[in-house]
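1. sequence and predicted structure below; questions after.
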Amino acid sequence: MTTILGIETSCDETSVAVVDDGRRVRCNLTATQFDLHAKYGGVVPEIASRAHIEKLDPLIEEALAQAGTSPADIDAVAVTQMPGLIGSLLIGVTAAKTLAWAWDKPLVAVNHIHAHATSASIELPDDPWPAVALVVSGGHTSLYHVRGYDDISLLGATIDDAAGEAFDKVASILKLGFPGGPIVDKRAAAGNPKSASFPRTLLGDDSLDFSFSGLKTAVLYRVHGPGRTTGGLEKLGEQDVSDLCAAFSAAVVDVLVEKTMRAVAKTGVRTVVVGGGVAANSMLRARLSDRCQRNGLALHLTPMRYCTDNGAMIAALAYHLFAKGRRDGMEISARATAGLS
Ligand code: KG4
Ligand code: ZN
């Protein structure tokens, strides 16, 4: 058995997990920072870094205790190296390097987006590859062709806003709070998705890229009036807001489902996996399940608890890379971007 300690600090969640053989999650603890950022309506990088510093050490101790393991039982220390907020990443990478050195354990650096792309496998008995992976988070909306844990290629990505960012911005337009995705999801359940017809931007006929900025602007003008960025919200009743959430969610979900099907047709794979914070969205889960079932495709949705940022997906991916011989040295450092990967 191989036991990996996984550390995730790429954005505003401090998360630590202990995972056996990439599949058995012994412990996955996450300290969210929602309260610290809520009054600013978004993540403030400096506040996020400081909170990671305060929370990470006690969380590591707590995770080891809850998993019933000691440092001697850990086979490797894994950490998110990229992409993300550089100050936040630095805290996790520095902590992981320090522990690897102090405990004399191997270090494995992980690409956060690849971890989201492979997170659906955490509780599966067998690897689902090859598959098309839809990664939908606050910072990314991408499609990948996953042939194996170390063989992942980008098929398409957003050219402007990420899906989660669009959810957060629409929640902000409607003054629903932060982070907006879960709140819009909840309100959408009580609304009529056909109450408004928002644009579905598909770009070219065979494009696998995404664009959500036009949709966000359409919601903005729908609320405030054409060309206006303020006023009008007070005229909307509770049901109007729920209807807008439903119509907006339907537009995002239609595009995500359509592009995923295009990626399936292009690659010829018969399996779809979905990860990232927006993979927790109930309309996306329902519509994708329906479409995959109708097309005879296998669909593996990441379990809800591993959709938003978490240490378990970092430890799980690291296990598979570690098993293939991956080891990183003390010279690695955090990287805000991951290039075209
Ligand atoms: O993966 P994640 O935790 O962080 C990034 O790597 O970005 O994703 C966070 C994003 C936020 O934009 C949040 O609003 C969105 O995921 N999100 C959702 C839902 N739960 C979280 N969006 C739509 N519906 C949800 N249920
Ligand atoms: Zn993420």
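-> Now that the structure is in, tell me what you want to look at. No experiment lies behind these values; they were computed from the predicted model shown. Ligands and ions are numbered 1, 2, ... in the order given.

2. give me phi/psi at the residue nearest to residue 250 when sequence neighbours are not counted?
-> Of all residues not flanking residue 250 in the chain, residue 193 sits nearest, at 3.7 Å (C-beta to C-beta, 6 or more residues apart in numbering). For every residue, glycine as well, the C-beta is placed using N, CA and C. Backbone torsions of residue 193, given as degrees, to the nearest 10, read phi -70, psi -20.

3. count of neighbours near residue 193?
-> 19 (other C-beta atoms under 10 Å).

4. and it, how far from residue 247?
-> 6 Å (C-beta to C-beta, to the nearest Å).

5. do the same with residue 149
-> From residue 149 to residue 247 the distance is 38 Å (C-beta to C-beta).

6. now do residue 213
-> 17 Å.

7. higher neighbour count, those two?
-> The neighbour count for residue 213 versus residue 247, taken as other C-beta under 10 Å, is higher for residue 247 (21 against 15).

8. helix, strand or coil for the residue nearest to the more buried one when sequence neighbours are not counted?
-> Residue nearest to residue 247 in three dimensions, not counting chain neighbours: residue 196, with 4.0 Å by C-beta to C-beta, 6+ apart. With DSSP: H, G, I helix; E, B strand; the rest coil as the basis, residue 196 sits in coil.

9. can you name the residues that contact the residue of the stretch 201-341 of the chain found nearest ligand 1?
-> Closest residue of the stretch 201-341 of the chain to ligand 1, C-beta to the nearest ligand atom: residue 277 (2.1 Å). The neighbourhood of residue 277, defined by C-beta atoms under 8 Å, 6 or more residues apart in numbering, consists of 136-138, 164, 179, 181, 307-309.

10. among the residues you listed, which are within reach of ligand 2?
-> Among the contacts of residue 277, the residues lying close to ligand 2 (C-beta under 5 Å from the ion) are 137, 309.

11. tell me the least confident of the contacts of residue 277?
-> For the contacts of residue 277, the model is least confident at residue 179; its pLDDT is 81.

12. now do the contacts for it.
-> Contacts of residue 179 by C-beta under 8 Å, 6+ apart are 34, 138, 164, 167-168, 171, 277.

13. and the host helix or strand of residue 64, C-alpha only, in CSV?
-> Residue 64 is part of helix 45-67, with elements assigned from DSSP states H and E. Extracted C-alpha coordinates of helix 45-67, given in CSV (Å, rounded to 0.1, in the frame of the first residue of the first chain):
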residue,chain,number,x,y,z
PRO,A,45,-4.9,37.1,-3.0
GLU,A,46,-3.0,38.7,-0.1
ILE,A,47,-5.8,37.6,2.4
ALA,A,48,-5.8,34.1,0.9
SER,A,49,-2.0,33.7,1.3
ARG,A,50,-2.1,34.8,4.9
ALA,A,51,-5.0,32.5,5.7
HIS,A,52,-3.1,29.5,4.2
ILE,A,53,-0.2,30.3,6.4
GLU,A,54,-2.4,30.3,9.5
LYS,A,55,-4.4,27.2,8.6
LEU,A,56,-2.1,24.8,6.9
ASP,A,57,0.1,23.5,9.8
PRO,A,58,-2.8,22.7,12.1
LEU,A,59,-4.7,21.2,9.2
ILE,A,60,-1.8,18.8,8.4
GLU,A,61,-1.5,17.7,12.0
GLU,A,62,-5.3,17.2,12.2
ALA,A,63,-5.4,15.2,8.9
LEU,A,64,-2.6,12.9,10.1
ALA,A,65,-4.4,12.4,13.4
GLN,A,66,-7.8,11.7,11.8
ALA,A,67,-6.3,9.4,9.2
